[in-house]
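>>> Below is the structure, and that's it, no one-letter string:
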């Protein structure tokens, strides 16, 4: 059985190393007692974020009670901490620094260099959005690309695994100056965050994101990559304006026929193949985005659609045979349940045909 992230990313050896590094910088640090406090009887059963918070609480027991002194120690170990345990550092600021912004916010900018402060900044954004975003705007100009990436990643409206920032979901206008600064950043790590931020925004404000993407299109290879990645949700949704932006052909000129499934009664764990004919009544070679949607049966009997991309390519007029394999093997990210599953073939954002199968246990 594959090891879980909570065990591989934060093992005992990492906790011991963390304690040793702290003792190097702060000789009074009781590293043995710290490790014993962290790795208690419940340690193996704690989930990843629980391990992080538990370590933070234990760390507080062995650092100076003066917050500034404690933060100075944490900032001092930044060059020595590079593993996943580094997420504990901004978590310490999140838990104990809400009332000391002049100390906490600059510290988050330093601590992000060894891990990421994207989670630690969220409570500050919720407490005083405009005040926290002033720091984020400054970090977007930092010489360190990890800090610049933090400026974008920390204010993503829908950052995975992080606490929400409702005000940014409702009105993302304070994010836009940061993204403008970073849209042609030399580091892909930063540009990917910009694209993900825009994709987040597109889920609540699609027209705003499309306006930005239309303005950025053609400015550079970097911005062209960003806007394509930023529009991935809109393209999956078949947004007409997004399709037009990237030059996809009119789906009305495309027909899908003879959709066939290799097995209409597979079992969980099986693979199937499906094929169909794609007829393109277009005047010349054009871009085509071919996807399919599976409406998965969930544990409660309801269905949930999932979009899969087959390919995105320029195609000539005429008839094309498309074949694809699909698996019903259970994965860590998807568990299958028996019942009727619908397959839909999507061409340039529009469903053109469908078929059903009955999945068995």
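Received it, and whenever you're ready, just let me know what you need. Note that the structure is a prediction, hence the values are computed from the model and not measured.
>>> can you pull the pLDDT of residue 87?
pLDDT recorded at residue 87 is 88.
>>> cool, and residue 1?
At residue 1, the predicted lDDT confidence score is 37.
>>> Show residues contacting stretch 151-171.
With contact meaning C-beta atoms under 8 Å, 6 or more residues apart in numbering, stretch 151-171 is reached by 49, 116-119, 121-123, 125-126, 129, 133, 136-137, 139-140, 142, 172, 174-175, 178-179, 181-182, 190, 193-194, 196-197, 200-201, 203-204. Bear in mind the C-beta positions are built from the backbone N, C-alpha and C, glycine included.
>>> now stretch 196-210
Stretch 196-210 has contacts (C-beta under 8 Å, 6+ apart) with 152-153, 155-159, 169-170, 172, 175, 179, 212-213, 226-227, 229-234, 239, 241-242, 245.
>>> what's the answer for stretch 304-322, then?
The contact list for stretch 304-322, computed with C-beta under 8 Å, 6+ apart, reads 236, 275-296, 298, 324, 326, 334, 346.
>>> For the contacts of stretch 151-171, which PyMOL command selects only the ones that are buried?
Selection command for PyMOL covering only the buried members of the contacts of stretch 151-171, criterion 16 or more other C-beta atoms under 10 Å:
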select buried, resi 116+117+118+119+121+122+123+125+129+133+136+137+139+140+142+172+174+175+178+179+181+182+190+193+194+196+197+200+201
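>>> Which members of the contacts of stretch 151-171 occur in helices, if any?
Among these, DSSP state H puts 49, 122-123, 125-126, 129, 133, 136-137, 139, 178-179, 181-182, 190, 193-194, 196-197, 200-201 in helices.
>>> How is the chain partitioned into domains?
5-245, 251-359 (automatic domain parsing).
>>> Just name the most buried of those domains.
Ranked by average neighbour count under the criterion mean count of other C-beta atoms under 10 Å, the domains of the chain are headed by domain 5-245 at a mean of 18.
>>> ok, residue 341 - contacts?
With C-beta under 8 Å, 6+ apart, residue 341 has these contacts: 294-297, 303, 356-359.
>>> which one of the residues you listed is nearest residue 217?
residue 294 (31.8 Å; C-beta to C-beta).
>>> phi, psi of that closest one?
Dihedral pair for residue 294: phi -110, psi 130, per degrees, to the nearest 10.
>>> Name the nearest residue to residue 140, ignoring sequence neighbours.
residue 151 (4.0 Å; C-beta to C-beta, 6 or more residues apart in numbering).
>>> same check, this time on residue 120
In space, and not counting its chain neighbours, residue 120 is closest to residue 90: 3.1 Å by C-beta to C-beta, 6+ apart.
>>> Surely residue 299 and residue 337 touch.
Yes - checked against C-beta atoms under 8 Å, the pair residue 299 and residue 337 is within contact range at 5.8 Å.
>>> what pLDDT does the closest residue to residue 141 other than its chain neighbours get?
Nearest non-adjacent residue to residue 141, counting by C-beta to C-beta, 6+ apart: residue 181, 6.7 Å away. pLDDT for residue 181: 98.
>>> show me the contacts for residue 181.
With contacts defined as C-beta under 8 Å, 6+ apart, the neighbours of residue 181 are 137, 140-141, 151.
>>> so how far is residue 156 from it?
Residue 181 sits 16 Å away from residue 156, going by C-beta to C-beta, to the nearest Å.
>>> Check residue 180 too.
Residue 180 is 16 Å from residue 156, where distance means C-beta to C-beta.
>>> one step back: hang on, the residue nearest to residue 140 is in a strand, isn't it?
No - counting by DSSP: H, G, I helix; E, B strand; the rest coil, residue 151 is not part of a strand but helix.
>>> all strands for the protein, in order.
254-261, 271-280, 286-297, 303-315, 318-327, 339-347, 350-359 (DSSP state E).
>>> possible to save those strands as TSV with mean pLDDT and distance to residue 36?
Output for the strands of the chain, formatted as TSV (pLDDT from 0 to 100; distance: least, C-beta to C-beta, whole Å):
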stretch	mean pLDDT	distance to residue 36
strand 254-261	95	58
strand 271-280	96	49
strand 286-297	95	46
strand 303-315	94	45
strand 318-327	96	46
strand 339-347	96	50
strand 350-359	95	50
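>>> For the ones you listed, please prepare TSV with the additional fields distance to residue 106.
Output for these, formatted as TSV (distance: least, C-beta to C-beta, whole Å):
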stretch	distance to residue 106
strand 254-261	55
strand 271-280	54
strand 286-297	45
strand 303-315	42
strand 318-327	49
strand 339-347	48
strand 350-359	51
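>>> Go through those and name the closest to residue 65.
Closest approach to residue 65 among these is made by strand 303-315 (49.6 Å; C-beta to C-beta).
>>> Can you give the strand pairings for the closest one, parallel or anti for each?
Here strand 303-315 is paired, per DSSP bridges, with strand 286-297 (antiparallel).
>>> okay, the angle between the strand it pairs with and strand 350-359?
Computed by axes from the mean of the first three to the mean of the last three C-alpha atoms, to 10 degrees, the angle separating strand 286-297 from strand 350-359 equals 30 degrees.
>>> contacting residues for the nearest residue to residue 337 once chain neighbours are set aside?
With C-beta to C-beta, 6+ apart as the criterion, residue 337 has its nearest non-adjacent residue at 4.7 Å, and that residue is residue 297. By C-beta under 8 Å, 6+ apart, the contact set of residue 297 is 303, 336-341, 359.
>>> And residue 42, by the same measure?
Shown in contact with residue 42 (C-beta under 8 Å, 6+ apart): residue 54.
>>> can you tell me how far it sits from residue 63?
Counting by C-beta to C-beta - residue 42 and residue 63 are separated by 22 Å.
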